[in-house]
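Enquirer: Sequence and predicted structure are below.
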Amino acid sequence: MLATLLIVFREVIEAGLIVGIVLAATQGVVGRGLWVTAGAAGGLLGACIVAAFAGGLASLFQGSGQELFNAAILILAVGMLTWHNVWMATHGKEMSRELKAVGAEVRRGGKSLLALAIVVGVAVLREGSEVVLFLYGVAAGGGASAASLLLGGALGVALGAGLSLLMYLGLLAIPAHRLFAATTGLITLLAAGLASQAAAFLQQGGVIGVLQTPLWDTSAILPEGGMAGRLLKTLVGYTDQPNGLQLIAWLGVVALMLTLMRLVNRSRVAWTVSPSATAHPAE
Amino acid sequence: MSLKTVLALTALAGAAIAGPARAQAPITVTLKDHRFSPAEIRVAANQPAILNVVNDDPLAEEFDSTALKVEKVIAGKQSGTVRIHPLRPGRYPFMGEYHSATAQGVVVAQ
């Protein structure tokens, strides 16, 4: 039961942290609950499908199907997070400042919500398929009784969800005018981390065969397989032995994100009626 | 745009390395009763290697190694290809994440 609890907890918290950030980033946006739920449900369904066809998926592309699939959904998530941040850079400030004029914006906000729903779906899909495969294995193996499996799984879900909720509440404790900057930063780091993981999957799949030598090794200080290492891996893409390609992917996404946000911000200021309005404090 | 960058890198790198990286003969590792055999795998240092991991158990297992940067689910009664990038001499542990109490192994590069 303990093994079940630990593995389920680990996967749930990895997905839960991402969902928590998404929820904090969409604070106050109409209809976000529905979108996030739809994303999670879609991810769960996808997880079952992926688990059911794990064997077939793995044998595709000369045995690299799984790596390519993982890389593809991670890159999709990076794209969606980038889109969200850039969209928020254009509309977020006016949304929080003039709640009256939000009507049309929120409808367009649906696009950003769709992007984030996809991110939630990807997170649930990745971690969920591992949970499904594992639980199925435990159930089929007959080693643990069904009751103990169920209990371990349920406790794991509850603990993981609880900790994710705490992080979400912690984010909400940030004053409203700082929350936007905080979630933008978190999403930027999240996207960079996912890009670095995608790079590793492309290398593992044999698609990219360069820059594979680890640049440094911090496994003695903060092992990637430990709890803290895992959480940092989820949040910012921490790895104890990053290689060149991972570093390039990580830095590349951060640079891309900052550049795009600055560009859309500048183009907005150019046609804003009163430039002083942009310097107006939010509260 | 990051996608484009990655795709471009992919195409470049794929063309550049496809030949030598695939020339190695795969080393077979069998997982049975949640134990790897051989549990210690010797590879030449600074050269790529390929493991053919045969899962002889009826249940899925995740071949997991942070040292080797590999995370790969292998379904029950299936096999999976694990690529090992050129390693500096040393020991690189791996495990079956779903049954880590017994499914442990190490790649030794020398």
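Expert: Good, I have the coordinates.
Enquirer: what number of residues lie near the residue of the stretch 101-250 of chain A found nearest chain B?
Expert: Among the residues of the stretch 101-250 of chain A, A:Gly209 lies closest to chain B, at 3.3 Å counting by Cβ to the nearest Cβ. C-beta: built from backbone N, CA, C; applies to glycine. For A:Gly209, the count of nearby residues is 22 (other Cβ atoms under 10 Å in any protein chain shown).
Enquirer: Assign it to helix, strand or coil.
Expert: State at A:Gly209, reduced to three classes by DSSP: H, G, I helix; E, B strand; the rest coil: coil.
Enquirer: What of B:Arg42?
Expert: strand.
Enquirer: Return the residues in contact with the nearest residue to A:Leu113 once chain neighbours are set aside.
Expert: Excluding the flanking residues, the one nearest A:Leu113 by Cβ to Cβ, 6 or more residues apart in numbering or on different chains is A:Trp35, at 4.2 Å. Counting by Cβ atoms under 8 Å, 6 or more residues apart in numbering or on different chains, A:Trp35 makes contact with A:Thr26, A:Gly110, A:Leu113, A:Leu114, A:Leu116, A:Ala117.
Enquirer: of all those residues, which comes closest to A:Leu133?
Expert: A:Ala117 (24.1 Å; Cβ to Cβ).
Enquirer: Spatially, which residue comes closest to the closest one, not counting chain neighbours?
Expert: Nearest one to A:Ala117, counting by Cβ to Cβ, 6+ apart, is A:Gly39 at 3.4 Å.
Enquirer: buried ones in the strand or helix carrying that neighbour?
Expert: Using DSSP states H and E, the element containing A:Gly39 is helix A:32-52. For helix A:32-52, the neighbour count (16 or more other Cβ atoms under 10 Å in any protein chain shown) marks A:32, A:35-36, A:38-40, A:42-44, A:46-47, A:50-51 as buried.
Enquirer: check contacts around the closest residue in space to A:Gly205 that isn't next to it in sequence.
Expert: In space, and not counting its chain neighbours, A:Gly205 is closest to A:Glu67: 3.1 Å by Cβ to Cβ, 6+ apart. The contact partners of A:Glu67, taken as Cβ under 8 Å, 6+ apart, are A:Phe201, A:Leu202, A:Gln204, A:Gly205, A:Gly206, A:Val207, B:Lys72.
Enquirer: Am I right that B:Phe63 is in a strand?
Expert: Yes - in this structure, B:Phe63 lies within a strand as judged by three-state DSSP.
Enquirer: Could you double-check that it lies in contact with B:Val54?
Expert: No - B:Phe63 lies out of contact with B:Val54 (Cβ atoms under 8 Å); the separation is 11.1 Å.
Enquirer: Can you give the distance of the helix or strand harbouring A:Ala195 from its chain's centre?
Expert: Assigned by DSSP H and E, A:Ala195 belongs to helix A:176-204. When distances are taken as Cα atoms, centre = their mean, to the nearest Å, helix A:176-204 is centred 7 Å away from the chain's centroid.
Enquirer: How about it, which residues are buried there?
Expert: A:179-180, A:183-184, A:186-204.
Enquirer: If you tally nearby residues, what's the number for the nearest residue to B:Arg88 once chain neighbours are set aside?
Expert: Once flanking residues are discounted, B:Arg88 sits nearest to B:Ala45: 6.3 Å by Cβ to Cβ, 6+ apart. When neighbours are defined as other Cβ under 10 Å, B:Ala45 has 12 of them.
Enquirer: Next, B:Ala45: secondary structure please.
Expert: coil.
Enquirer: Give the full set of residues in contact with it.
Expert: With Cβ under 8 Å, 6+ apart, B:Ala45 has these contacts: B:Pro86, B:Leu87, B:Arg88, B:Pro89, B:Ala109, B:Gln110.
Enquirer: which of those has the most neighbours?
Expert: In those, the most neighbours by other Cβ under 10 Å go to B:Leu87, 24 neighbours.
Enquirer: and whichever strand or helix holds A:Leu68, what's its mean pLDDT?
Expert: A:Leu68 is part of helix A:65-97, with elements assigned from DSSP H and E. Helix A:65-97 shows a mean pLDDT of 83 in the predicted model.
Enquirer: Show me what counts as buried in that helix.
Expert: Under 16+ other Cβ under 10 Å, the buried positions of helix A:65-97 are A:65-71, A:73-96.
Enquirer: and after that helix, which helix or strand comes next?
Expert: Downstream of helix A:65-97 (by DSSP H and E), the next one is helix A:102-141.
Enquirer: Surely A:Glu224 and A:Lys233 touch.
Expert: Yes - A:Glu224 is within contact range of A:Lys233, at 6.1 Å (criterion: Cβ under 8 Å).
Enquirer: give me the subset of the buried residues of helix A:176-204 touching chain B.
Expert: A:Ala195, A:Ala198, A:Ala199, A:Ala200, A:Leu202, A:Gln203, A:Gln204 (Cβ under 8 Å from any Cβ of the partner chain).
Enquirer: Just put those residues in CSV and tack on pLDDT.
Expert: Output for these, formatted as CSV (pLDDT from 0 to 100):
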residue, pLDDT
A:Ala195, 96
A:Ala198, 95
A:Ala199, 96
A:Ala200, 95
A:Leu202, 95
A:Gln203, 94
A:Gln204, 92
